[in-house]
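Colleague: The amino acid sequence is not available; the structure is as follows:
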């Protein structure tokens, strides 16, 4: 499910995701890293042509972890165990037009490279949302981010990518105007997130 047309990522906390007047959403950065430090990150093209990470709204009564696992399964066709140790990277709260507060969480999970390849080459084609919300999964070109930034990203997708790379000590891959020495407590959506009239 989408939030204002974007996909979002949430924390894997073991409790109910919502209180009165609050809503939650989750995004997941699924990545692998080789012994020499090369990082592979999965992203996808949405039906509107924008780029993003897997995630979406957490259902009423659903834990954040369960919502994250479900969203990944629906979009990427692979179901992680519900006790998977997703790492929480970032949280922000935004007001919604219905008067509620939306809590958006970004998580990361390091997995084996073979699993990322299997998701991209096989699992995605059996995903519930393949061909409707998700047009295809690809490996983010982390060695060419200055060019990659010129694309349209869903919601605050570029900011999420910036937070992720900073968190795993790969901020040097970012264009100079995006690199920062530490993960900030709150990251406003960058101008790149709204670039090119996206």
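Modeller: Everything's here; your move. Owing to the predicted nature of the structure, the values given are computational and were not obtained by experimental measurement.

Colleague: Determine the set of other helices and strands touching the longest helix along the chain.
Modeller: When the chain is parsed with DSSP state H, its longest helix is helix 64-76. In this structure, helix 64-76 makes packing contacts with strand 22-33, strand 39-46, strand 55-57, strand 134-139, judged by 3 or more Cβ pairs under 8 Å, 6 or more residues apart in numbering; DSSP states H and E. No exception for glycine: its C-beta is placed from N, CA and C like everyone else's.

Colleague: Lowest average confidence across helices and strands of this structure, where is it?
Modeller: strand 87-95 (a mean of 92; mean pLDDT, DSSP states H and E).

Colleague: now this protein, which segments are flagged as low pLDDT?
Modeller: 1-20, 179-198 (pLDDT under 70).

Colleague: and the longest helix of the chain with strand 22-33, angle?
Modeller: 60 degrees (axes from the mean of the first three to the mean of the last three Cα atoms, to 10 degrees).

Colleague: Give me the distance between helix 64-76 and the centre of its chain.
Modeller: What separates the centre of helix 64-76 from the centre of its chain is 11 Å, taken as Cα atoms, centre = their mean, to the nearest Å.

Colleague: Stretch 95-113 now?
Modeller: For stretch 95-113, the distance to the chain centre is 8 Å (Cα atoms, centre = their mean).
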